[in-house]
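A.B. asks: here you go, sequence then predicted model.
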Amino acid sequence: MAIQELEEATLLDRIQQNGGQTGVFLFTPLCGTCMVGERMLEIAEATGVKTPLYKININYAPKLRDQWQIASVPCLVVLEGGSPVRKEYAMQSAQHLYSILR
């Protein structure tokens with residue numbers, strides 16, 4: 001299952017509506033490491049994590065990039081109630097990502 005890609009304004013609305021835990025994957029389209037990280041997230045998602053996952057191209061998310069102080073991509077940001085509680089830059093394995101999102 002593919003992770004839903006959203007525009008910045010739509011993503012901000014979804015985060016506010018959810019209120020619980022949310023995962024946001026920030027990437028750039030030509031980044032090979034981002035592609036591998038996204039695939040690992042898709043595997044983790046397929047195993048049944050309950051955390052909603054979204055992705056956004058960091059090139060089109062200047063507000064989030066600055067607000068969340070994203071240093072590089074790929075980056076998985078885990079939010080609780082709309083606020084970042086964890087930033088994962090090293091996509092170690094699908095199992096590791098699953099343990100973060102379960």
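C.D. replies: Nice, I can see it.
A.B. asks: any residues touching the lowest-mean-pLDDT helix or strand in the chain, and which ones?
C.D. replies: Lowest on mean pLDDT, DSSP states H and E among the helices and strands of the chain sits helix 8-18, with a mean of 91. Identification of contacts with helix 8-18 by C-beta atoms under 8 Å, 6 or more residues apart in numbering yields 6, 22, 24, 52, 54, 56, 60-64, 79, 82. The C-beta positions use only the backbone N, C-alpha and C, and glycine is treated the same way.
A.B. asks: now M91: phi and psi?
C.D. replies: M91 adopts backbone torsions of phi -80, psi 90, taken as degrees, to the nearest 10.
A.B. asks: please name the nearest non-neighbouring residue to it.
C.D. replies: Spatially, and ignoring its direct neighbours in sequence, M91 is nearest to G37 (3.6 Å; C-beta to C-beta, 6 or more residues apart in numbering).
A.B. asks: could you list every residue that touches the one you found?
C.D. replies: Here G37 is in contact with 25, 27, 74, 76, 91 (criterion: C-beta under 8 Å, 6+ apart).
A.B. asks: ok so it is a helix residue?
C.D. replies: Yes - the assignment for G37 by DSSP: H, G, I helix; E, B strand; the rest coil puts it in a helix.
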